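In: predicted model and sequence follow; I will ask about them next.
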Amino acid sequence: MTGRVVVIGVGNPFRRDDGAGLAVIRALRADPPRHALLAESDGEPGRMLDLWDRSDSVVVADAVHAHPGCPGRLHTLSAQRTTEFAKRPASSHALGLGETFALASALDRMPREVTVHAVEGADFGLGRGLSAPVAAALPGLIARVLESVGRTYDSLAGAADSPGSPR
């Protein structure tokens, strides 16, 4: 099995809490997880699709709007669940992750596995820096991303070691 673990932080650092996904990637660069490719994205679907191959496992970190919301609350979603949210705006991007995954599916470019970790934002206005609730939730968001990377890498290593796998 030839796949990578691709970790994508999505956001805009000039829209306050929308920079949470990017903050995750920047924190991980200080001590990067083994065997993971770290990438930042503004969420534009075409650029997102260019970050992965169909055989990759993708872990996404992002900020979301929720109504009613609880700023700082963490969510973990599958690609299928994220695509269900495409019917209603849940992202601060022009097109959200749901639309990106729907497009990837239509183009037969869906990665093998996708996990989305998101934090509910409080402030998506112009400016830099995360709101207090999102900044406080950032270590938990990073921990969830690292857990997903580890679990995915373990599953890739197990598949490579299984009988009948090419070595």
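Out: Right, received. Where do you want to start?
In: so who does Val119 touch?
Out: By C-beta atoms under 8 Å, 6 or more residues apart in numbering, the contact list for Val119 reads 17, 20, 62-64, 72-75, 134, 137-138, 141. Just so you know, the C-beta spots here come from the backbone N, C-alpha and C atoms, and that holds for glycine as well.
In: 6 Å instead?
Out: 20, 63, 74, 134, 137, 141 (C-beta atoms under 6 Å, 6 or more residues apart in numbering).
In: do you know the pLDDT at the last one?
Out: In other words, Leu141. The score at Leu141 is 98. That number is its pLDDT.
In: number of nearby residues for it?
Out: Number of residues near Leu141 (other C-beta atoms under 10 Å) recorded here: 26.
In: for it, list the residues it contacts.
Out: 24, 74, 117, 119.
In: in ChimeraX, how would I select the buried members of these?
Out: A single ChimeraX command selects the buried members of the contacts of Leu141 (16 or more other C-beta atoms under 10 Å):
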select :24,117,119
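In: tell me the one of the contacts of Leu141 nearest Pro45?
Out: His117 (19.2 Å; C-beta to C-beta).
In: what helix or strand is that closest one on?
Out: Using DSSP states H and E, His117 sits within strand 113-120.
In: likewise for Ala39?
Out: Assigned by DSSP H and E, Ala39 belongs to strand 36-41.
In: name the helices or strands packed onto that strand?
Out: strand 5-10, helix 20-28 (3 or more C-beta pairs under 6 Å, 6 or more residues apart in numbering; DSSP states H and E).
In: could I get the average pLDDT for the longest one?
Out: Pointing back at helix 20-28 there. Helix 20-28 shows an average pLDDT of 98 in the prediction.
In: and what of stretch 117-137?
Out: Here the average pLDDT along stretch 117-137 is 97.
In: now the end-to-end length of it.
Out: In stretch 117-137, first residue to last residue: 12 Å (C-alpha to C-alpha, to the nearest Å).
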